[in-house]
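Asker: how would this look folded up:
(chains A and B)
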Amino acid sequence: MTTLSMQISTTDEVLEMCSVRVGQTLYGVPIMRILEILGAPATRPVPLAPGFIGGLVHYRGEVLTTVSLRRLLDMPARDATQDILVFEGADGYFGLLVDEVGEVMTVLPADFEGNPSTLDDRRKALFAGTYKLKDALLVMLDPERLDPVHLAETALA
Amino acid sequence: MTRYGKPLKFFVSPPDNVPVDELTREFLIESQEGLDRMERCLTELEERPEDRDLLAEIFRAVHTIKGTTGFLGFSRLESLAHAGENLLGLLRDGKLLANEEIISGLLALLDILRETLGAIEGTGQEGQGDDAAMIARLHHLQNPSDPSESAAANDVPGIQSDPVDQHAKAKRTRKAKVKSAAIETVKDASVAASKEESLAIETYQAEPQIAQTRSAVNAAESTLRVDVDLLNRMMNLVGELVLTRNQILQMVSTDASLAMLSRRLDMVTADLREAVMKARMQPVSHVFSKFPRMVRDLAQQLNKQVRLVMEGQETELDKSLLEAIKDPLTHSVRNAIDHGIEQPHVREAAGKDPEGTLRLRAYQEGSYVIIEVSDDGGGMKVERIRDKALERKLITRERAAQLSDRELMQLIFLPGFSTAEAITNVSGRGVGMDVVRTNVEKIGGKVEVDSRPGKGTTLRLRIPLTLAIVPALIVYSCGQSFALPQGALSELVHLSAEQVQAQVEWLEGAALYRLRGRLLPLVFLGSLLKQPEAGDQPREAYIAVLNAEGRRYGIVVDGLADPEEIVVKPLSSVLKQIGLFSGATVLGNGEMALILDPGAIATRSNIGMALEDDEPEAVDAALADGATEYLLMQNDSEHTAVPLESVLRIERIPRSQIERLNGTPVLRFEGTLLPLKDATRAEGAMTDEEMTVVVCRDGERHVGVAVSQVLDVAGGKPLAEAGTNTATRDVTLLKDRVTSVVNLGLIPLLPGARSSELGSGQPMETWEADAVVEVIG
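Answerer: Next comes the predicted model:
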């Protein structure tokens, strides 16, 4: 969180965001935070796991726990394969399951706005704000809010 | 006990956070190694007080410390080492003979040196301490006959008694004060040599160990200290390579050159894995070497006489496992000395050598290392165990009455169990045996206890060779695969869809299965994991019968796959909280599988302590009468049997695979020919029908017995003929039925096989010779 807010408050430079799509919405993740993008790996479900867990993925010799953004947002499961963004979390690496990884975008801090008050509480807790693009909105995701350890503690499941 | 744990800390913890410089760290490691050697040698010295090699080794350790400390400016250490060196110099030059008093003094010096080294490691400083008493004690030991230091050592006339006698006495009266400090010069080398010879058998293999340390000094240039973390990482990577190899092997089958390359990859990977595993191996002597001192101290403290015999110290075990068994082993040794070995007068009254023997034995058995701790002490009386368990309300009176002797014996592993009358410093607080079992089972091992009243107790720890790669059975539940560690698995039962309906019984929502007449609680994996059910129609199922930390239950799964050696990967903390999985792994087909934790599943399902062994009680009871165990088989309507000890494995093969050689049925098996006894007699049977072949050992050769199916294992006694009372051959009483025993020696030899090597060579006898004699209802 600290890195992100620092970037927002202190600089006028352009920020590089990796855009990802889940459902109809476009989300952005600071590119510096992404360790790796895995294209359509096979995930294994984990019985009895908290609802937001998307399953396990084999990642560089380790077992990677993934968080499903669809499940977090109470969206129906997707039939097609999903991509995974790998982040470093409080308890080692974790993955974020998204429908599709898009292109890298540059945004200006000036275009940033906080979450609208009409957003439901769950989304308010997950989203870090919005960048106004020319013809769309880019919803900011903060990897630290999506860390499974953090999610388990805040019982967002 | 922390004292014993200390030295290893140097090698385990990464030295980055230690507030000392490189030079000091080097000194600390070297000194610790020296002190470890010194400790070992000191306890040996007690047995062979004039062994110059031992003395030289000890002297060297202290001398090194003294030399380096002066240079590094640790004055406390320097003066301590100096005082020790003076005393050791006299011993080394033969002007003094090491006695118990001197050895105790040197051991005390060793402790202070260790403590100070520990302080330097932690703080970089020697710390404040008053060493005057220690130095004075060492001084005094140099002039034992006169505290005022008036008598110089070389003035004292040699109080020469027969050295062997003297030594024997010293051993017997180890606890008693040493009366006179014998001062002798070793002038008769032959006496010393013969004495050494006579002692050679009794001590823990002293010679190889010294040889080892000596060659280690010489080999210093060809060895390298490697960080354990690096080794762990290498092990992980190799595990990864094994998985990738498995996946590649499954994929290449079409391209010939790729197939060849992958075979080479296979070989290289296997060799690499072995090499890395070897690098992590350490001889058990690393743990064993702490025991001579501990046994000595404990025996003195408890006024007992204990001789320690150690065998198989060169047996190697993965470093992390070695660390893990240190505590269980220490507990076991303490228990053996405290509870096992009796006071000398009690032993003498029982007609035993007043000196008890504690035997530590390590050896490899398959993919396990067995470590035995056995004593020749009083053993355990089952009645006493039962009474104590009742007294401590660990079991009910009704339950106790139902338990067999062997089951009662296992009660010692219950938490809170202790038979000690009084709580001593050493043990008796009721922690110990349960800790031993928990720790050993944590690393996938097993603990067995075997005890005979008056004869002694043997505790057997079965430790897997390595932790990172464990054999596991892959099971399916609702389409998902899971790995079940084979350590906990005792048997598998297949149930057809109808059998699931008919044979799984329900008691107020609890599923039960009658396994050889006893109720086995069942856990359905699918419903435990709340997996979506595939439908309500009955399906076939498998029961994996597990024995997890003494709790026996069956886990019901949909299907089984082949066993695999899996590489255990840790789960993230969020998934660990589920509590039923001990990790995850990647299977040969690239699929991920969660590793089931049998102990946790038992706890979640409220499976209680079953207190029973793998074998059903009926077999135990029969075995107690000197009977042997047989594998009971069925041929059409007849029962036959083979001794269980000769059974190698059981195969299901189609009938069509049987070929005939000169009329003898044979089976080609992995490039060898297996002579067969085809007892099914169904000449006209359908050739695609499946049959069971029990592969047995007959002398050195292997033979097969073809039967319709295998029924069970049962204990049987030989029968005697009415009237003559001579034992009948090849017939036994199994499960109250007279059953013929297949005489494996009568299975014809293959042409060219040398009959002289085989047990009984009557190749051409007919099958009828050992057919059923009588079958009673």
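
Asker: so who does the most centrally placed residue in chain A touch?
Answerer: Compute the mean C-alpha point of chain A, and by CA atoms, centre = their mean the closest residue is residue A:141, 4.8 Å away. Residue A:141 is in contact with A:20, A:27, A:28, A:29, A:69, A:96, A:126, A:127, A:128, counting by CB atoms under 8 Å, 6 or more residues apart in numbering or on different chains. Every C-beta, even on glycine, is put in place using the N, C-alpha and C of the backbone.

Asker: Show me the shaky parts of chain A.
Answerer: A:1-12, A:61, A:155-157 (pLDDT under 70).

Asker: Over in it, which residue gets nearest chain B? Let me know.
Answerer: Nearest residue of chain A to chain B (CB to the nearest CB) works out as residue A:47 at 3.5 Å.

Asker: and that residue, that one's in a strand?
Answerer: No - counting by DSSP: H, G, I helix; E, B strand; the rest coil, residue A:47 is not part of a strand but coil.

Asker: What is the burial count for the closest residue to it other than its chain neighbours?
Answerer: Leaving aside its sequence neighbours, residue A:47 sits nearest to residue B:529 (CB to CB, 6 or more residues apart in numbering or on different chains; 3.5 Å). Residue B:529: 21 surrounding residues under other CB atoms under 10 Å in any protein chain shown.

Asker: what does the one 10 residues further on give?
Answerer: Applying other CB under 10 Å, we find 14 residues neighbouring residue B:539.

Asker: coming back round to it: the contacts of residue A:141 in helices, which ones?
Answerer: Those of the contacts of residue A:141 mapping onto helices are A:69, A:126, per DSSP state H.

Asker: which of the contacts of residue A:141 lies closest to residue B:353?
Answerer: Closest approach between these and residue B:353, by CB to CB: residue A:96, at 70.5 Å.

Asker: Quick check: closest non-adjacent residue to the closest one.
Answerer: Residue A:96's closest residue in space is residue A:85 (CB to CB, 6+ apart), at 4.6 Å.

Asker: Against which helices or strands is the host helix or strand of that neighbour packed?
Answerer: Secondary structure assigned from DSSP states H and E places residue A:85 in strand A:83-89. The criterion is 3 or more CB pairs under 8 Å, 6 or more residues apart in numbering or on different chains; DSSP states H and E, and the helices and strands that strand A:83-89 contacts are strand A:15-22, strand A:36-38, strand A:62-68, strand A:92-98, strand A:100-107, helix A:143-146, helix A:148-153.

Asker: quick one, the third one and strand A:83-89 angle?
Answerer: Right, strand A:62-68. 110 degrees (axes from the mean of the first three to the mean of the last three CA atoms, to 10 degrees).

Asker: Run me through the strand neighbours of strand A:62-68, direction for each.
Answerer: strand A:53-59 (antiparallel), strand A:92-98 (parallel) (DSSP bridges).

Asker: Same question for the closest residue to chain A within the stretch 301-450 of chain B, what's its three-state structure.
Answerer: Closest residue of the stretch 301-450 of chain B to chain A, CB to the nearest CB: residue B:320 (18.2 Å). The three-state label given to residue B:320 by three-state DSSP is helix.

Asker: What separation is there between it and residue B:598?
Answerer: Residue B:320 sits 21 Å away from residue B:598, going by CB to CB, to the nearest Å.

Asker: Same question for residue B:519.
Answerer: As judged by CB to CB, residue B:519 and residue B:598 stand 19 Å apart.

Asker: The two: who's more crowded?
Answerer: Neighbour tally, residue B:519 and residue B:598, criterion other CB under 10 Å: the higher count belongs to residue B:598, 25 against 12.

Asker: So residue B:750: helix, strand or coil?
Answerer: Residue B:750 - assigned by three-state DSSP - is coil.

Asker: Run a quick neighbour tally on it.
Answerer: Neighbours around residue B:750, by other CB under 10 Å: 17.

Asker: same thing with residue B:407?
Answerer: 18.

Asker: for the one 10 residues further on, same thing?
Answerer: Counted by other CB under 10 Å, the residues lying close to residue B:417 total 18.

Asker: before we move on, what about residue B:242?
Answerer: Using other CB under 10 Å, residue B:242 has 21 neighbouring residues.

Asker: How about residue B:495?
Answerer: Applying other CB under 10 Å, we find 19 residues neighbouring residue B:495.

Asker: Apart from its neighbours in sequence, what residue is nearest it?
Answerer: In space, and not counting its chain neighbours, residue B:495 is closest to residue B:541: 5.0 Å by CB to CB, 6+ apart.

Asker: Tell me the residue of the stretch 601-750 of chain B that sits nearest chain A?
Answerer: residue B:604 (9.9 Å).

Asker: picking that back up, is it possible to get JSON lines of the helices and strands packed on strand A:83-89 that adds mean neighbour count?
Answerer: Listed next are the helices and strands packed on strand A:83-89 as JSON lines, based on neighbours: other CB atoms under 10 Å in any protein chain shown:
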{"stretch": "strand A:15-22", "mean neighbour count": "20"}
{"stretch": "strand A:36-38", "mean neighbour count": "15"}
{"stretch": "strand A:62-68", "mean neighbour count": "24"}
{"stretch": "strand A:92-98", "mean neighbour count": "24"}
{"stretch": "strand A:100-107", "mean neighbour count": "14"}
{"stretch": "helix A:143-146", "mean neighbour count": "20"}
{"stretch": "helix A:148-153", "mean neighbour count": "19"}
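
Asker: between these, which one is nearest to residue B:476?
Answerer: Comparing the helices and strands packed on strand A:83-89 by CB to CB, strand A:62-68 comes nearest, at 19.5 Å.

Asker: List the contacts of the closest one.
Answerer: A:43, A:52-58, A:82, A:84, A:86, A:92-97, A:146-148, A:151, B:569-572, B:574-575, B:583-584, B:586, B:592.

Asker: which residues are in contact with the one helix or strand residue B:282 maps to?
Answerer: Using DSSP H and E, residue B:282 falls within strand B:281-283. Contact partners of strand B:281-283, identified using CB under 8 Å, 6+ apart, comprise B:313, B:314, B:315, B:316, B:317, B:318, B:319, B:322.

Asker: Rebuild those residues as CSV, extending it with neighbour count, pLDDT and distance to residue B:508.
Answerer: Below are the contacts of strand B:281-283 laid out as CSV (neighbours: other CB atoms under 10 Å in any protein chain shown; pLDDT from 0 to 100; distance: CB to CB, whole Å):
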residue, neighbour count, pLDDT, distance to residue B:508
B:313, 20, 87, 54
B:314, 13, 87, 56
B:315, 18, 87, 50
B:316, 19, 85, 51
B:317, 25, 85, 46
B:318, 24, 83, 45
B:319, 21, 82, 49
B:322, 21, 86, 47
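
Asker: residues from chain B in reach of chain A?
Answerer: Taking CB under 8 Å from any CB of the partner chain as the contact definition, chain B meets chain A at B:236-237, B:239-240, B:480, B:529-531, B:569-575, B:577-578, B:580-581, B:583-584, B:586, B:590-594.

Asker: just checking, which of those belong to strands?
Answerer: Mapping the residues of chain B next to chain A onto strands (DSSP state E) picks out B:480, B:581, B:583, B:584, B:586, B:592, B:593, B:594.
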